[in-house]
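got a predicted structure here, sequence first:
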There are 2 protein chains.
Amino acid sequence: MQTAEARILDRQRPIDWLHGLVAPDMAAVDRVIHERLGSAVPLIPDLARHLVDSGGKRLRPLLTIAAARLNGYRGSHHVKLAAAVEFIHTATLLHDDVVDVSALRRGKIAANVVWGNKSSVLVGDYLFSRAFQLMVQAGDVAVLDVLASASAVIAEGEVLQLRSANNLATSRDHYLRVITAKTAALFAAAAETGAMIAGGTEDFIAAMRAYGHALGISFQLIDDALDYSGRQAQMGKSIGDDFREAKVTLPVIVAFERADQVAQEFWRRTIEDGAQHEGDLKRAIAYVDETGAIEETGALARRYADQAMTALAAVPSHEIRDALMAVAEFCVGRGY
Amino acid sequence: MQTAEARILDRQRPIDWLHGLVAPDMAAVDRVIHERLGSAVPLIPDLARHLVDSGGKRLRPLLTIAAARLNGYRGSHHVKLAAAVEFIHTATLLHDDVVDVSALRRGKIAANVVWGNKSSVLVGDYLFSRAFQLMVQAGDVAVLDVLASASAVIAEGEVLQLRSANNLATSRDHYLRVITAKTAALFAAAAETGAMIAGGTEDFIAAMRAYGHALGISFQLIDDALDYSGRQAQMGKSIGDDFREAKVTLPVIVAFERADQVAQEFWRRTIEDGAQHEGDLKRAIAYVDETGAIEETGALARRYADQAMTALAAVPSHEIRDALMAVAEFCVGRGY
């Protein structure tokens, strides 16, 4: 049991608050994840555990569990689904690690990352297969359909993102299509399937899906802003990954739109030609900051967070609902 | 309708014979495959079609269709399952294209192949997701379980194979484990799920699974032998892929066991160190030939082909059964 004081503190850290409301379920999700990582082939659990235990917040499975419990679910299938959702997420992270020679040629990728191309692919495939086995065990074909469709959309989103790399002519629409597919699709499916397995009404299922969708977009926008955040850098957090990979995210789109000639040449060299030197990241951060690109990205994230909260307005009052609202508010307010 | 003469000719080409017995179904499989390749993201159908239309014999989906029809199936779900099986196969081929810097360093991989690492991964993921969507539409959860498990086993097999690359100490047991997982698992699941969707008895389902399993091992053994076949080379077919990738297949295991000191040094240099020069493939083929490694591989393939035919012995007489028998006989007799 939590003390009143602990609960007040938790409300200032909404993900922890939500986590605390479904802690036994999330512990069960963790157990299932570690059980199902097992394989007679040692590399598989070793590599997968490295990622699974890397301290992520398990936000996606948390959405599945929260949606199910919010609808008063008393069964145990939501735990299997939540573990499946985390496996799909981990598989996409592993597959995102795969690099091309084009990237290598720029000499920015650590060799140890690269040596693992094939392993990353295969362990990702293994987790993906495990995810479907878990869904089969949850036994709901409609849920399987939602998650299989989400997986197809994620792959499409990653391909779209590939096409916009190095391309400063990427439009805001294209960028939004990318993040909707690669991030929001799984957030939406995670929340939706939790609602489905709990036997929620059509309205409840639609509300949870809409919440997940909007939260996912908001979350990714902020993630993309944080990658150019000087404050993040001061906090010792890793930044600049998108810049190094020449991804064209909203902060870059805006900064390039508003760039003078010198800045335009800078972006062409570093993003289009991928020719990056020491000090370039610092300069990129300065340009992004000066042009108000972070504010604009944040403002858009705010609109999607509001959309997420609006989606929940129709859901009956419940502490889990309040915590989900706070999570949307928190995601957009993350320190950048 | 076929003429009597055409049917006699077909019996000499057993895969065509089997294909002819279920031709409308296989045409339907083709239609489903091309429909489901569709995506609003152009790269996806382009890349996938390149592989799907590359003239493969569609042996795996053929097993699914044949097993269903052999049990008198009159529905249409077997077509979706067969397309799903082909998608899983194509996805694993795409993921098998992914190369590591270790491979690159040997300078053996064409640049165009390499540029596509990330695309290969993502399009493979897309096909894999599409496969699960098709299975969901076939609506049989037990079938989904079998194919999800097969997918997990395939990934394990590929990881096992990764570990045996460059390793001349690879045992026959390890090698058999690899090919059972990476090839036979999908052959077995393809035949089994065809039997399942057709509502076959437990005995029939087990017989089809056993047939697919043994056929898959036999098929892979012959494939591995053909990769060192001088006759294949004369026929203008591509050989030497396994050698270039330093895969330790049964022909190499046997040839290395029986190697004199000079030959041992050759294998150590080319397989363990991956230092290959012009003329090495020719020398490798000569060593494999001289030591009887091809015969030994062929003899083992023969045993598995016999096992496949034995599995069918209990199945009621039917022209499809006869054609499946002939396919097993043909696979082991392929020209090496």
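Nice, I can see it. Numbering: from 1, shown residues only, chains lettered A, B, ... in the order given.

taking the stretch 201-336 of chain A, what residue is nearest to chain B?
Closest residue of the stretch 201-336 of chain A to chain B, C-beta to the nearest C-beta: residue A:245 (10.8 Å). Bear in mind the C-beta positions are built from the backbone N, C-alpha and C, glycine included.

got the contact list for residue A:61?
Shown in contact with residue A:61 (C-beta atoms under 8 Å, 6 or more residues apart in numbering or on different chains): A:26, A:29, A:82, A:83, A:85, A:86, A:190.

burial check on the fourth one, number of neighbours?
For residue A:83, the number of neighbouring residues by other C-beta atoms under 10 Å in any protein chain shown comes to 28.

likewise for the fifth one?
Residues within reach of residue A:85, counting by other C-beta under 10 Å, total 31.

which strands and helices lie in contact with the helix or strand harbouring it?
Assigned by DSSP states H and E, residue A:85 belongs to helix A:77-96. With contacts taken as 3 or more C-beta pairs under 8 Å, 6 or more residues apart in numbering or on different chains; DSSP states H and E, helix A:77-96 sits against helix A:23-36, helix A:43-52, helix A:59-70, helix A:117-138, helix A:141-164, helix A:185-197, helix B:117-138.

ok, of those, where does mean pLDDT dip lowest?
Lowest mean pLDDT within the helices and strands packed on helix A:77-96: helix A:43-52, at a mean of 81.

can you pull the buried residues of it?
Buried residues in helix A:43-52, counting neighbours by 16 or more other C-beta atoms under 10 Å in any protein chain shown, are found at A:43, A:44, A:45, A:47, A:48, A:51, A:52.

just stretch A:291-304 next, same as before
Neighbour counts using 16+ other C-beta under 10 Å place A:291, A:293, A:294, A:296, A:297, A:298, A:300, A:301, A:302, A:304 of stretch A:291-304 among the buried residues.

in helices only, show me those.
The helices, defined by DSSP state H, take in A:293, A:294, A:296, A:297, A:298, A:300, A:301, A:302, A:304 from the buried residues of stretch A:291-304.

surely the fifth one meets residue A:331?
No. Applying C-beta atoms under 8 Å, one finds residue A:298 not in contact with residue A:331, separated by 11.2 Å.

now do the shared contacts for the two.
residue A:222.

got the contact list for stretch A:224-235?
Contacts of stretch A:224-235 (C-beta under 8 Å, 6+ apart): A:179, A:237, A:239-243, A:249-251, A:284-285, A:288-289, A:293-294, A:297-298, A:301, A:334-336.

now stretch A:198-209
By C-beta under 8 Å, 6+ apart, the surrounding residues in contact with stretch A:198-209 are A:63, A:67-73, A:75, A:78, A:188-189, A:191-192, A:194-196, A:311-312, A:314-315.

narrow those to just the buried residues.
A:63, A:67-71, A:73, A:78, A:188-189, A:191-192, A:194-196, A:311-312, A:315.

residue A:317: neighbour count?
Residues near residue A:317, counting by other C-beta under 10 Å, number 6.

distance check, it against residue A:204.
Distance of residue A:317 to residue A:204, given as C-beta to C-beta, to the nearest Å: 13 Å.

shaky segments in the stretch 201-336 of chain A?
Counting by pLDDT under 70, the ranges of the stretch 201-336 of chain A that qualify are A:233-237, A:334-336.

give me that answer again for 80
Scanning the stretch 201-336 of chain A for pLDDT under 80 picks out A:230-238, A:333-336.

picking up where we left off before, export the ones in helices among the buried residues of stretch A:291-304 to TSV and tack on distance to chain B?
Shown next, in TSV, are these (distance: C-beta to the nearest C-beta, whole Å):
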residue	distance to chain B
A:293	27
A:294	28
A:296	27
A:297	24
A:298	29
A:300	23
A:301	25
A:302	29
A:304	22
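
give me the most central residue, chain A.
The residue lying closest to the centre of chain A (C-alpha atoms, centre = their mean) is residue A:183, at 5.2 Å.

give the contact list for that residue.
With contact set as C-beta under 8 Å, 6+ apart, residue A:183 has these partners: A:157, A:216, A:217, A:219, A:220.

which ones among those are found in strands?
Using DSSP state E to define strands, no part of these is located there.

buried ones among these?
Buried among these by 16+ other C-beta under 10 Å: A:157, A:216, A:217, A:219, A:220.

in helices, which of those fall?
Taking DSSP H, the ones among the buried ones among the contacts of residue A:183 that sit in helices are A:157, A:216, A:217, A:219, A:220.

having no further points to raise, I will conclude here.
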